[in-house]
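Novice: This is the structure alone, sequence omitted:
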C-alpha cells in the first residue's frame, strides 16, 4: 500500500501538536525567538493579524468604542492593592528592577540604577486603565465610557507554544463603564456577539458562544462570556472572552460617578479581549496535511499567479501581469510569483502558505485560452480549467464561496463531534473515548463548584461554556431545567 | 488697554513650553501616567496617531516593505556583543531581572524568580531584527529584504515631555538589507522622501530634509538623513531619520549572503523610523493661542456640527443629523455634538480640540437657510454664512484648501525665520538674537568634527542638517564649495 504524500509531516492524525508546529513553519508564519517563550511574527503571519485587527477595530468602533494607549509598566504598588487579581494570573510576570546598564570592572554590562519601586510589565492594562477611569469619570454624563487598547502584554509562560501560549503576545483589551448593571451586561453580551460574528464572517470559525461556569469565570467577574472554537482534534480553544464585572472592578479601582439622582455610585464595568491566539485558532480549524489554509477574508493575498516559465517567457510574464492587474481591479488581493524557483516548488510553496486560490499560466494555457485554477480547500490536484474571462468574472464569488464552504465544513465537523449525554454513564463513556478527533460532550448542567471539580478530576474535562439552550435534568446535581453546557479537553 | 482673550494661558510668546503642555491638556490628547515618564495617550490623541500610522503604513507598503513583529525583550548578552550601540542611547533602559511576584512574610509582593540573564526592554529592535536577518538571509535571492515594525519602545528619560520625549513611546522602525551599497543608499533616501512627503501632504509640515553632520550621525551609520521641522518658537524638531549603515550593521550582526558571484558578502542595510513625536511636531507647527489646530488630513473628525438648542429642539436635531449624514456621504468625517453642554461651551471645546471646521445650526439658521461655518485656522470669529447646499458641495474642497493654507503658512514662517550667514560675524549676530521666534541659521558648511564642537560650545547651536544646496565658502573651515547647513536650537 502506497502512503499518500503530504507536505506536512506528521499528519494531523499522526501527531496533532507537532503537525501544528510544522504548519506554522512551512507557512513561514512565525518562529521562536532568542528570548524564551517570545515569538517573532514573520511577515506572512503578521499580515494575517493585520487583517484581523482592521476588521475587529471597525466592529469595535461601530459599537462606539474609542482606542487609547496606556503605559507598558505598572507600579508594583498598584498590583499590591488589587490582591484579587494578583491571586489570578498576574504573578507570572516580568519585573523591571533597574533603569540603566553600566559596565563593571571587567567591562561587562550589568544592571544599574535600581528603581525605588519595581515595575511590572503589563500582563493586562486593566489596573492602569482602572486608575484612569477613576480620574476621568465624574458624572453620569461621562458614561458610557468605551475604551480599547491594541498592545503587547507579557505573562511568563513555562510551556510556550507559538500563537497559543507565549510569554509576550499581542491583543486588544476593551474596557467600558456604564451607569447601570443592565447596560453593562448588555455591553458584555454585545462584545461577545462581535467576537462570534467576526469568527464566523472573517475566520470562518463556528465558535460556540456562551457563559463560563463558576469555576472557569474570570477572577472578580460577575459573568464571563466566551467564544470557544473546536479544533480538528476535538479540543476546545478559548478564543475570546467578555466579562461583566458588575461593580466589583469599579470598587477595587474607585470608579465612581454622580448618578442622575445626584448620588455617588460605583460604575458597572466590562472588559473583553482577543489575542494573537486567534491565528492559532484559524490554523487549527482549517489547515490540512498539506499545510495552512487561510479563509479568503483574512488572507494577505487571496490568489497567487504562477507563470510557468520555459520558452515564451516574456509573453507569459506579460500575460500574467495583465491578469494580476485585472484581478486587482476587481478588488482581489493578488500575488504574482516571479521568483526564480522552479514552478513545482512555487506550487508547493503557496499550498503550504495557504493562499486561497492559485492560477497557473503557461504558454499552453495562453494558447488554449484556458487557465488552471485551484482552490486551496479542495482536494489536492483538483484543478479547474477556466477561461480568462470567466476567471476574472467569477473569482471574487469563488472566494466568497470558499469562505462559506470553510465555515460549513468546520460547522459540520464541530456538530458531528459534539455528542450529547444525559446520564453520568453516557458522559463517562464519551469521556473515556480516545478517538481522533475527541468528542465534545454536551450535557445539561446546573452543578456546584464541587460538581465542577469532580468533572475535572474524574473525567479530566473542563466546562468550556454554558449554552443558552435548554438541556433538562443535570446528571451531576440532579437539578432540573438545566441549560446545556459543553465539556471538553482544552488548549 | 484690554488684553486679547485666548483659550490657552500662557500664550506662545509668553511661554512656549508651557503653552505646549496646556494645548495638549485643553485638547485632551494625552496625560502623564502613574509611571514616571510614561504617557497615557487619550482617544483624541490616539485617533490622530492612527491616521498617521495608516497613511505611513500605506506609503511603506508601496515601497515593498512588509510588517513583522519582534519580541519586546532583548537578552543582555546580545547587547553586550554590540558595544558600539551600547555606547549610544541604549544604556538608559528598563532591565527585567525577575519573572515572578511572590508574597513575602508580611504578605507584600516582592520580585521572585530571578532570571539567569537579565532582559532589556527594547530601546529599539535593531539588534534582535539583525539576529533574524542573519538567519533569514542566505542568498542574494533573499534580497532586498524590507521589514517594518510598529511597536512600543522604552528609553529611560530624566526630563520627559509628552510626545516629545517620553520613557515609553510608539514608533515604527524599518530595517532593510540590500545586495549593493548603491541600492542601500537609494533605499535610505527613498524613505527620507517618504517622511518628507508624508509631512507635507498629511501633517502640512514643511520639513527640511537633509543629511546629518558627522557629530549628529547615528552611531554606526554611514549616512544619516533627517527631516527637521521648525517649530513656531524657531527651534528645530528632529521628526524622523533614515540611516544608511553600509555594511557596518551587517558586520556587527553577521548578516551575510551569497552574492551573484557565489561569494559570501555582508549585506548593505538601512534603518528608518518615526515616533509619536510627530504628534508633538504637528501641535507645535500649527496650533495657536486658542489651542490645537489639526490639519484636516489627520483630523479624527474634520467637522463638528453644533446644534444650538433652545426651542424647536427636535427640528434642529433632525436637521443636524441629516446634514451630518449628507456630509459623511461626501467622505467627510463628522461629529455631531449632542452632549448637554451649553452651546458656547461646545464651541470652545471644539476650538481647543482643533477640529478643522465647525458648523453651527440653530432655528434661525434653518429658517434663513444659511448656516454658520468657521474654519479653525482662520481668525477667531471669522464666521461665514453659507447655504446648506453650498456647504455640502464645497466643504471637502474647503478642507483641502485649509490643508494647503496650513502648509503655506508654516512654509512662509519657516522661510522667514531661516536667515543666511556667510561669515562668522553674521553667524554670531544671528546666534545671539533672543527673539521669538528664534532664527534658524543657514550657512555654508564643510567643517570638521572639531568645528562642529566649536559651534555647539560657542553658539549653543547644533547642525540640524546639511542641505542638498550649494552654499559657498564655509566660514568655519574656510573650505570652498560647501553645501548649506542649518543651525538651530533643538528639542
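Specialist: On my side now, so go ahead. Please read all numbers here as calculations on a predicted model, not as lab measurements.

Novice: mind listing the strands for the stretch 151-300 of chain A?
Specialist: All strands of the stretch 151-300 of chain A, identified by DSSP state E, counting those that start in this stretch, fall at A:168-178, A:208-211, A:223-230, A:236-246, A:256-258, A:264-266, A:268-275.

Novice: The last one and chain B, any residue contact?
Specialist: Spelled out, it's strand A:268-275. No: Strand A:268-275 stays clear of chain B (Cβ under 8 Å from any Cβ of the partner chain), getting no nearer than 12.7 Å. Using the backbone N, CA and C atoms, a C-beta is placed for each residue, glycine as well.

Novice: all helices for the stretch 1-150 of chain A, in order.
Specialist: A:16-27, A:43-62, A:76-81, A:83-87, A:126-136 (DSSP state H, counting those that start in this stretch).

Novice: List just the one of those helices that sits closest to residue A:112.
Specialist: Across the helices of the stretch 1-150 of chain A, residue A:112 has its closest neighbour in helix A:76-81 (19.4 Å, Cβ to Cβ).

Novice: chain center to the closest one, what's the gap?
Specialist: Computed by Cα atoms, centre = their mean, to the nearest Å, the separation of helix A:76-81 from the middle of its chain amounts to 30 Å.

Novice: Equivalent analysis for stretch A:120-134, please.
Specialist: 23 Å.

Novice: do stretch A:102-116 as well
Specialist: Distance, centroid of stretch A:102-116 to centroid of chain: 40 Å (Cα atoms, centre = their mean).

Novice: And for stretch A:320-336?
Specialist: Relative to its chain's centre, stretch A:320-336 lies at 29 Å (Cα atoms, centre = their mean).

Novice: now the closest residue to residue A:17 other than its chain neighbours: how far from residue B:12?
Specialist: Nearest residue to residue A:17, sequence neighbours excluded (Cβ to Cβ, 6 or more residues apart in numbering or on different chains): residue A:161, at 7.7 Å. Counting by Cβ to Cβ, to the nearest Å, the separation of residue A:161 from residue B:12 is 55 Å.

Novice: Of those two, which one has the most company?
Specialist: Taking neighbours as other Cβ atoms under 10 Å in any protein chain shown, residue A:161 and residue B:12 compare with residue B:12 leading, 21 against 18.

Novice: So what's the residue count around residue A:330?
Specialist: By the measure other Cβ under 10 Å, the count of residues near residue A:330 is 13.

Novice: Please parse chain A into its domains.
Specialist: A:16-286, A:299-401, A:417-488 (automatic domain parsing).

Novice: Just name the most buried of those domains.
Specialist: Across the domains of chain A, averaging neighbours per residue (mean count of other Cβ atoms under 10 Å in any protein chain shown) puts domain A:16-286 on top, at a mean of 20.

Novice: what about the closest residue to chain B within the stretch 301-450 of chain A, which helix or strand?
Specialist: With Cβ to the nearest Cβ as the measure, residue A:340 is the residue of the stretch 301-450 of chain A nearest to chain B, at 6.6 Å. Using DSSP states H and E, residue A:340 sits within no helix or strand.

Novice: got the phi/psi numbers for it?
Specialist: phi -100, psi 30 (degrees, to the nearest 10).

Novice: which residues touch it?
Specialist: Neighbouring residues of residue A:340 by Cβ atoms under 8 Å, 6 or more residues apart in numbering or on different chains: residue B:141.

Novice: How about residue A:197?
Specialist: Going by Cβ under 8 Å, 6+ apart, residue A:197 touches residue A:59.

Novice: Output the set of residues of the stretch 101-250 of chain A in proximity to chain B.
Specialist: A:101-102, A:108-109, A:111, A:113, A:118-121, A:128, A:131-132, A:141, A:147, A:151-152, A:154, A:156, A:168, A:170.

Novice: From residue A:389, how far out is residue A:474?
Specialist: Residue A:474 sits 60 Å away from residue A:389, going by Cβ to Cβ.

Novice: what would the helices of the stretch 1-150 of chain A look like in a markdown table with distance to residue B:469 and mean pLDDT?
Specialist: Below are these laid out as a markdown table (distance: least, Cβ to Cβ, whole Å; pLDDT from 0 to 100):
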| stretch | distance to residue B:469 | mean pLDDT |
| --- | --- | --- |
| helix A:16-27 | 50 | 98 |
| helix A:43-62 | 38 | 98 |
| helix A:76-81 | 53 | 85 |
| helix A:83-87 | 59 | 56 |
| helix A:126-136 | 48 | 96 |
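
Novice: Looking at the ones you listed, which is nearest to residue B:51?
Specialist: Nearest to residue B:51, of all the helices of the stretch 1-150 of chain A, is helix A:43-62, at 13.1 Å by Cβ to Cβ.

Novice: Need the distance between the two termini of stretch A:438-447.
Specialist: Length of stretch A:438-447, first residue to last, Cα to Cα, to the nearest Å: 23 Å.

Novice: That should have said stretch A:122-141, apologies.
Specialist: End-to-end for stretch A:122-141, by Cα to Cα: 30 Å.

Novice: can you check stretch A:362-382 too?
Specialist: In stretch A:362-382, first residue to last residue: 18 Å (Cα to Cα).

Novice: same question, stretch A:356-366
Specialist: One end of stretch A:356-366 sits 22 Å from the other (Cα to Cα).

Novice: for stretch A:138-154, same thing?
Specialist: Taking Cα to Cα, the first and last residues of stretch A:138-154 lie 32 Å apart.

Novice: got it, and stretch A:363-375?
Specialist: OK, stretch A:363-375 end separation, Cα to Cα: 22 Å.

Novice: Now do that stretch, average pLDDT.
Specialist: Average pLDDT, stretch A:363-375: 93.

Novice: what sits up against that stretch?
Specialist: With Cβ under 8 Å, 6+ apart as the test, stretch A:363-375 has contacts from A:308, A:310-312, A:315-316, A:319, A:323, A:356-361, A:382-388, A:391, A:398, A:402.

Novice: and these, which of them are in strands?
Specialist: If you go by DSSP state E, those have A:357, A:358, A:359, A:360, A:361, A:383, A:384, A:385, A:386, A:387 in strands.

Novice: Same list (the strands of the stretch 151-300 of chain A) but as CSV, adding mean pLDDT.
Specialist: Output for these, formatted as CSV (pLDDT from 0 to 100):
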stretch, mean pLDDT
strand A:168-178, 98
strand A:208-211, 98
strand A:223-230, 98
strand A:236-246, 98
strand A:256-258, 98
strand A:264-266, 98
strand A:268-275, 98
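
Novice: For residue A:347, which residues are in contact?
Specialist: Contact analysis of residue A:347 by Cβ under 8 Å, 6+ apart lists A:306, A:358, A:360.

Novice: same thing but at 7 Å, please
Specialist: A:306, A:358 (Cβ atoms under 7 Å, 6 or more residues apart in numbering or on different chains).

Novice: Quick one: classify it as helix, strand or coil.
Specialist: Look at residue A:347: counting by DSSP: H, G, I helix; E, B strand; the rest coil, its state is helix.

Novice: What pLDDT does the model give it?
Specialist: Reported pLDDT at residue A:347 in the predicted model: 95.

Novice: Show me what from the stretch 301-450 of chain A comes close to chain B.
Specialist: Within the stretch 301-450 of chain A, the residues that sit near chain B (Cβ under 7 Å from any Cβ of the partner chain) are residue A:340.

Novice: now the helices: where do they sit in the stretch 301-450 of chain A?
Specialist: A:313-329, A:343-353, A:363-368, A:388-417, A:424-431, A:449-459.

Novice: and the residue nearest in space to the middle of chain A, how far is that from chain B?
Specialist: The centroid of chain A falls nearest to residue A:278 when counting by Cα atoms, centre = their mean (1.3 Å). Distance from residue A:278 to chain B, counting by Cβ to the nearest Cβ, to the nearest Å: 14 Å.
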